[in-house]
Every structure is written in structure tokens, then in C-alpha cells.
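>>> show me how the following folds:
(chains A and B)
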Amino acid sequence: MTQENTLSSNPSLMPDDQVVLEIESLTKYFGGLRAVHNFDVTIKEGELVGLIGPNGAGKTTIFNMITGLYSISAGDIRYKARRLIGMEPHAITQLGIARTFQNIRLFPKLTVLDNVRIAYHPHAGYNMLESILRMGRFGAKEKELTERALDFLAVFGLQDRYNEIASNLPYGEQRRLEIARALAAEPKLLLLDEPAAGMNPGEVIALMDLIHFIRDRFKLTIFLIEHQMRVVMGICEWITVMDFGEIIARGTPGEIQNDPKVIEAYLGKGAVTGARAEVA
Amino acid sequence: MIKQLRRLPSWLTVTIGLVLFYAVIQFIISMGWITEYVAQVLQWAGIMTISSLGLNLIYGFNGQFSLGHIGFYAIGAYTSALITKDWYSTWSGSRVGALSGVIALDTGLIVALVVVSLLRLDAIQKKLKGAVSRWLSQFETSVLSGVVTFLLALIAVAAGGAVGWLLWRTLPPVLEAVLGLLSAEIAKQVVFGLALILGGILAAIVSLVVGQPLLRLASDYFGIATLGFAVGLYVLLQNSDKVIPTMKGARGMVGIPVWTNWFWVFICAALVIVAMRNLVYSSVGRAIKSVREDEIAAKAMGIDVARYKTVAFAIGSLFAGLAGGLFAHKSPGFLHPSSFDFLKGFDPLIVIVFGGLGSMTGTIVASTGWAFLLEGLRVALPQGFEAWRFVIYPILLLIIMLLRPQGLLGGVEWWFLRPPKVQTKTPPGDEEK
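Alright, predicted model coming up:
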């Protein structure tokens, strides 16, 4: 745990290093398969933390447990000191945790605007009767939330595409739309599951800038899964490395880069020397 | 002229349009330009529209494949028929007996459901299990929490029952007095309107109760389970005379007043269409659609998936119940369980797939087309060949599905059924996109 101390001595963005997410000895079994074992991490407000590891290491399983989509076998997850175990996924999101998915899960047949507006639903501010009668708060609130959704689209350069069907967007824009949709849920903690998957190097660089930008603009704490080393190395302040469901290393990008265990997990035994060049 | 029309608020244009449409058809009927038979087909088209829109909300918009729609239609039909038959030719001893009985039943059930949701049974059960599991074995824990849940559920039933019983005891003289103040004709229309609404509400309540366990099932399993509900209800209806003699079970209920006319069908259809449009293009409607698109993504975006499945199912069933009420009071005023068997249950499903899932316009057009096609073929086909209708329309269906898999009007909406225009800050040139 000494490494955690080094991190808190870093010039952090937030003056009061408030803990946002705390995971303790999290374990998940799928039948006899142990997908995640004794995982723990502590994320403080404003941090950008990366979770890396080879395919099948159990990274997405952890996200699914945080967001309540999977039940947990053992351990504890706390968001701002509140236990998330046993809560419904939508209730967890409404507390302020939003996510994206590894293999984009937009609402494919709805418009770009509706995709974002759906995430606003818990904050819509009018009830069903008002919407059926189009009375009361409906008009004003609907206008307000549409404007806010358009503002979000503008941040991601999608404002002209608002009326497009989501599945007709090119791949890169679908990725951006998914992040825009997650932000519309008004999270404090954003979980990004392999945001750079399937992107070319140019797009990856633009994405890294974008992640930095939204973190500062919306005062977010970001927890990010990636298996492209370049992305995590470039933007994360703090990295946890997993392999076969267990933590094998944690530290700053510099420390991780030179950790022989990490290189072994990625490239196999005996590849240590070659890998250094590759990672750098 | 068109430009001036555009400047009017859209609700006003829609209202004027609807009133004009109503008036023209009513005028044609009053002048006797169309036969009573065609007028009947027109009513049938409206009833089919209401019921199919309900199913489209459940299947087309919410993505829940329900085969039990006809069951809710039957509940609406029999409930309203019992009420109006009592008013028309008293069967329960008092002409408002059935009316107050159904009001008491609806209210009692609603009270019980509200109490259940206020008690938060599942949360209590979970807490209790967590608390006592330290001292008791797993078996003892589940028995204890089961007993507590049962007792709490009993409270809910008792509360609902008490309210219902009280209403049932006190309502008849009140209703008799209030309706007695009105002229006979108006009282009759009020009773009919109440009967339709109460039948719809009962259908919605039953769908809430049935939906709680069933909506947890994934799509196809949900379809089979709802089919089971419809078949079960059909058997109940066949034996209904053992409980309420006047329903006559498998012999068919007779003596229902023929009160359904163009006015009532139109009013109900118009209200349902407008309500559905307003719902679909609201935040609630978007939440309903998100469940169809991707349940997991919807959950991750903070949408209470279970809640919006229930909401769509209940509103869809409400529409079915309303349509059933109108159907029951169509000429010849006779209800038979065979009108509600599961084969008939496929009619609205065929209509919405034919018209286009998720298209309100498609449903309206397909319902009307359906009614006029089946009846038109009856006239057009040579004598003795009427049964060939059921050969011709499946072929038509096949062709449509091959040529337009999204349905006749999938993705198309009439202007007043389109989503409201979005005001953007971008230059006006971009708006046409």
C-alpha cells in the first residue's frame, strides 16, 4: 500500500482527497471459474485511474459488478462510503456512476438525440400523467432537457447529427456518442470500458485529449479499462494491472512500464527486453 | 392558407382535424349514405385500432412479446357488459349493483397494490433475512421471512378488501341517487362511459398483477407465459356461469345493450391515439423504447427496466380492456368465450406486424385495412367461397413480409404522430436533415 501514499502526495486536482470508489477483496465466481479474486482499488475524487490486463483477465467483470449487472461472490464495493452490494443497476447509476461498454451498446434504432435524452430520464422532472396530457411541467422540462442533450452532443461534435439513427453513425462517432450518453446521466464517476477499442492511432490520440477534457470540464473521476498500453500510459495517473483475475501490479505509468510481471503477462516469459522497447 | 394553418398551435389543428373527421363520418352515417353494415365495419376498425395500439405499445415500443393481449380484451368486454346489462335489464337485484361492485373491486385492488408497494415487501424480506441469518439456520430464516411477508401481504389484502367492501355497501344508493338526477338518456351514456373505463382499469390492474412475475421472463418465454394466461382466462370464461350466472359461461352472455356507435368508438380511438402519441414522445416513452433497444444499456443509463416494462404492459392492457368494452356492446349484444380464444388473440399481433412494429400510423392503417379487407372479401368473393378470405389474407401477409419486412408503414408516421420538432441553435438550413 506504499504506492497509494506516493499517489496522494501527488499534486492532485482536488484539494480534499475524498475517496469516491473503494473496492475491497472483490471476488467473483462463475460456477467453478474464478473470474476475479481479491481485487481491491481505491479511487479518489478527480483521479484518472486505469485498469489494464490481457484479454480475459476479468476487467469487464469488475465493471459489471460495480454497476450492479453482476452479483458479487465476496468482497465489498463502496461509492462515497455507501455500499453498492445488492443495489439495482439503475439505482447505482442514479447515485452517480455511469459507464460505457466494450462493444458499444447504444440504443441502435433511436436517434442520436434520443440516445442522450434517455440518460437524462431520471432527471426529467415530470411524471407520466403530465406527459400524457402534455400539461404541467412537461413543456418547460422537456425543452430544458432537450437543450442540455444538444449541448452534450455539441461537446462531442455530434450536434449536427442529432436526428440521425444511432446505428447509422460511423464507428468513431458511435464511441463518442456512447460517452456523451454516459455523461448525460450526470455521473460523478465515469467507467470507460476500452474506449479506444477498434480505433486507429490518430483517433486514439484524439480520444485521449477528449477524456482529459471531459474530466476537467465535468469534474469527473474516471476509471478506465484498456488493453492498449499506449492509451493508459498516456493519460492515467495510476494503473492497476490484472491477469487471470488477480492484481499483479499497481503503480504510476512509469512504474508499470518497467514491471517485469506486467511485461510477462502481456508478452510471455523471456520477452522482457523486447517488450520495453515496444511499450515505450 | 397552409401557412396560416402552420402557425396555429399543433394541438388546435389536431383537434379541429379530429372533429372534422368525426363530423364528416357522422354526417355520412346520419344521411344513410352507407349501410348499417359498413358502419359496423367502421366501428370494428376503430376497436381493432385501440386494441392493436395497446399491443404495439407492449411489443412494438417496449419489445415484450405478449400473446395474452386477448385476455385483457376479454376482461374489459365482460366487465363492462356486466355493468351495462345490469343497468339495462337488472340481473343483480339493483340496476347499479354491478357498477358499484366493479368500482369497489377496482378501488380495493388499487388500494391493496398501493399498500404492497408502500410496504416494500422485498426490501423488508431482504433486511429481515440479513438480520436473522446470524442466529438462525438458512431454512429457519427463509421460513420466518416467508411468514412475515405473508402477514404483511395479508395486511395489504385486508386494507384493499376493507375499502372495497365499504364502497360496495355504500355506493349503490349514492349512485342510484346521482344517476337518478340525470335524464334517462344521459344516465345511460354515463353508465356506458363508466363501464368502458372501469373495464379498462380492471384489465390494467390484472396486467399489473400478472405482469409482476411474468415480466421477469425473457421475450419468448414471456410470450408463452402470457399465452398461458389467455388460455387460462378462456377456460375461466367458459365456466364463468358457476360464479356469476348471468355470464352464462360457454353458452354465451346475452342481453347486452347495443350501445357502441360511431361516437363512442371515435372518442375512445381519438383519446387513445393522442394519449399514446404524447406518451411515446415523452421521457417516459423514451425510457419504454430504451428497454426494447437494449435492456442492459437501459439499466446502465439509470432506467428502471422492470418499472417501464410494467408501465407499458399496464397501459397496453388498459387499451385492450377499453377496446373489449366497445366490442361487447357492438351488435348483436352477445359475448361468447370463443371470441376470446387464442387464435383470435393473434389478430392484433398480425395487425401490428403488418402495419409496422413501433409505427402508430401503421397500426391505424392496418387495423382499418384489416376490418375492411376481411369484410370486403366476404362481399367480393362469390357465394360459397367466403372461407377463402383466410387464404387470401395470409398470402397478402406473406407478400408484405417478404417485400417490406419492417411492415407496411414501419418507420413512417403521419405528421401529427411524428415526434415534436427539436429547436436547435444551428442555422435553419440544417434543420431539414
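>>> check which element follows the host helix or strand of B:Val311 along the chain.
Assigned by DSSP states H and E, B:Val311 belongs to helix B:305-328. Per DSSP H and E, helix B:305-328 leads on to helix B:342-355 as the next helix or strand towards the C-terminus.
>>> show me the contact partners of that following helix.
B:48, B:51-52, B:54-56, B:59-60, B:67-71, B:227, B:230-231, B:234, B:320, B:338, B:361-367, B:369-370, B:397, B:400-401, B:407-410 (Cβ atoms under 8 Å, 6 or more residues apart in numbering or on different chains). Where you see a C-beta, it was placed from the backbone N, CA and C, and this is true even at glycine.
>>> how about 6 Å then?
The contact list for helix B:342-355, computed with Cβ atoms under 6 Å, 6 or more residues apart in numbering or on different chains, reads B:51-52, B:55-56, B:60, B:69-70, B:230-231, B:362-363, B:365-367, B:370, B:407-409.
>>> give the contact list for B:His329.
B:259-260.
>>> follow-up on the earlier one: tell me the buried residues in the helix holding B:Val311?
For helix B:305-328, burial by neighbour count (16 or more other Cβ atoms under 10 Å in any protein chain shown) applies to B:305-306, B:308-328.
>>> stretch B:37-48 now?
B:38-48.
>>> what number of residues lie near residue 118?
No chain was given, so I picked chain A. 29 (other Cβ atoms under 10 Å in any protein chain shown).
>>> switch to chain B, please.
10.
>>> and it, what helix or strand is that in?
Under the assignment here (DSSP H and E), B:Leu118 is part of helix B:97-119.
>>> by contact count, what packs against that helix?
Applying 3 or more Cβ pairs under 6 Å, 6 or more residues apart in numbering or on different chains; DSSP states H and E, one finds that helix B:97-119 contacts helix B:69-88, helix B:138-181, helix B:184-214.
>>> now, which of the buried residues of stretch B:37-48 sits nearest chain A?
Relative to chain A, the closest of those is B:Gly46; by Cβ to the nearest Cβ it sits at 20.0 Å.
>>> helix B:138-181 and the helix holding B:Leu118, what's the angle between them?
Here the directions of helix B:97-119 and helix B:138-181 differ by 140 degrees (axes from the mean of the first three to the mean of the last three Cα atoms, to 10 degrees).
>>> number of nearby residues for the closest residue to chain A within the stretch 151-300 of chain B?
Among the residues of the stretch 151-300 of chain B, B:Ser282 lies nearest to chain A; the distance is 3.2 Å by Cβ to the nearest Cβ. The number of residues packed near B:Ser282 is 24, by other Cβ under 10 Å.
>>> give the closest residue to it in space, chain neighbours not counted.
A:Ser131 (3.2 Å; Cβ to Cβ, 6 or more residues apart in numbering or on different chains).
>>> same check on B:Leu409?
B:Gly362 (3.5 Å).
>>> same thing with A:Thr240?
Here the residue nearest A:Thr240, using Cβ to Cβ, 6+ apart, is A:Arg250, at 4.6 Å.
>>> give me the phi and psi for that neighbour.
phi -150, psi 150 (degrees, to the nearest 10).
>>> how near is it to A:Pro260?
A:Arg250 is 15 Å from A:Pro260, where distance means Cβ to Cβ, to the nearest Å.
>>> in stretch B:347-354, which residues are buried?
B:347-349, B:351-354.
>>> mind putting those in TSV, pLDDT included?
Formatted as TSV, the buried residues of stretch B:347-354 follow (pLDDT from 0 to 100):
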residue	pLDDT
B:Asp347	90
B:Pro348	93
B:Leu349	92
B:Val351	92
B:Ile352	92
B:Val353	90
B:Phe354	89
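>>> low pLDDT regions in chain A?
When residues are selected by pLDDT under 70, those of chain A lie in A:1-17, A:269-280.
>>> any idea whether A:Met135 is helix, strand or coil?
Following DSSP: H, G, I helix; E, B strand; the rest coil, the label given to A:Met135 is coil.
>>> cool, B:Ala287 as well?
Per three-state DSSP, B:Ala287 ends up helix.
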